[in-house]
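Engineer: compute the structure for the input listed below.
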Amino acid sequence: MPTESPLPHGLLDAEALPLYAQVAARLLDDITAGGARTGDRLPSERVLAARYDVSRVTMRSALGELATRGVIESWPARGWFLTGAGTRTSDKAPEGAPPGRSVQGFADYALRHGLSVRTRVLTSGVRPASVEEAEELRIAPGAALFEMRRLRYLDDLVVVVEHNRLPLALCSRLADTDFNHASLYATLRSATPGQFPRVADYSVEARQPTVAERELLDITDVTPVLVATQLAYNQDARPLELTVAIYRGDRYRFRASITD
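Structural biologist: Residues are numbered from 1 along each chain as shown. The predicted structure is shown next:
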């Protein structure tokens, strides 16, 4: 009888395991072999059940097994996401972040890629939230809102102009921080309690820049801009940050993994 290869995490021989545990072991092997990264979303339970030729009940139990080990976690109405625990993932969560996925900030990206980052704050301050902003951020109309507009540079090349809006109640330090030098996400992580952007709704559209945008982004030709709108949620699934970022189209690339 052929011998089975050892299963990860000290599991017994596959034939001695219940079916859901066998599927969990296979899925974990595939996640690791596929080079998945922290924050990646798994295919739906239906797709995974078909892939591994098991019922959705069995697949749900397998996913629950991996969740118990901290390998994946469920986000209500969004699906299963890889936390990175127990797998050889290539992305490392920002310092101070709890285990699990996180939304990457501009400064975090620059640090990981060895790029110098520079910021020029155009305006910042606290004001009452509008009705529309209150609906997006799930706060009361008129609640204190921190707002900032800034230019962001990589290796002294202007890349994006950002408009950030955040509920001041989640991080009172926002109002007193000099974001010409400080990182927004690092400031959020240092709040009490810490605020960790974990998942975001994100949309991108291309258009021609306005006159003001052309000047801010040093556009002198027909280069378009990419307008990215992001609503980030914290570790408690509460809206944390509403940002509209206007990128030079020749200095920005958007990548995503699309799953069922």
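
Engineer: state the pLDDT value of residue 132.
Structural biologist: pLDDT for residue 132: 97.

Engineer: what's the local residue count around it?
Structural biologist: Applying other CB atoms under 10 Å, we find 10 other residues in the vicinity of residue 132. For glycine as for every other residue, the C-beta is placed from the backbone atoms N, C-alpha and C.

Engineer: do a quick rundown of the strands in the stretch 51-200 of the chain.
Structural biologist: 72-75, 79-82, 117-128, 144-154, 157-167, 199-207 (DSSP state E, counting those that start in this stretch).

Engineer: turn those strands into a markdown table, columns for mean pLDDT and distance to residue 255.
Structural biologist: Shown next, in a markdown table, are the strands of the stretch 51-200 of the chain (pLDDT from 0 to 100; distance: least, CB to CB, whole Å):
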| stretch | mean pLDDT | distance to residue 255 |
| --- | --- | --- |
| strand 72-75 | 82 | 20 |
| strand 79-82 | 84 | 16 |
| strand 117-128 | 96 | 20 |
| strand 144-154 | 97 | 17 |
| strand 157-167 | 97 | 16 |
| strand 199-207 | 92 | 11 |
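
Engineer: in this structure, which spans are helices?
Structural biologist: 19-33, 45-51, 56-68, 106-112, 131-137, 184-189, 211-216 (DSSP state H).

Engineer: point out the most buried one among these.
Structural biologist: helix 184-189 (a mean of 20; mean count of other CB atoms under 10 Å).

Engineer: tell me which other helices or strands that helix touches.
Structural biologist: Contacts defined by 3 or more CB pairs under 8 Å, 6 or more residues apart in numbering; DSSP states H and E place helix 184-189 against helix 106-112, strand 239-248.

Engineer: would a markdown table of those with distance to residue 53 and mean pLDDT be doable?
Structural biologist: A markdown table is the format used below for those (distance: least, CB to CB, whole Å; pLDDT from 0 to 100):
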| stretch | distance to residue 53 | mean pLDDT |
| --- | --- | --- |
| helix 106-112 | 38 | 71 |
| strand 239-248 | 40 | 97 |
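
Engineer: out of the ones you listed, which comes closest to residue 50?
Structural biologist: Nearest to residue 50 among the helices and strands packed on helix 184-189 is strand 239-248 (34.3 Å), distances taken as CB to CB.

Engineer: in that closest one, what counts as buried?
Structural biologist: Neighbour-count burial for strand 239-248, counted by 16 or more other CB atoms under 10 Å, picks out 239, 240, 241, 242, 243, 245, 246, 247, 248.

Engineer: so for residue 209, what's the pLDDT?
Structural biologist: pLDDT, residue 209: 97.

Engineer: what sits closest to it if chain neighbours are left out?
Structural biologist: residue 225 (4.6 Å; CB to CB, 6 or more residues apart in numbering).

Engineer: okay, now the one you found: neighbour count?
Structural biologist: 24.

Engineer: isn't it right up against residue 246?
Structural biologist: Yes - applying CB atoms under 8 Å, one finds residue 225 in contact with residue 246, separated by 5.1 Å.

Engineer: need the overlap of contacts for the two.
Structural biologist: Residues within reach of residue 225 and of residue 246 at once, by CB atoms under 8 Å, 6 or more residues apart in numbering, are 209, 213, 217.
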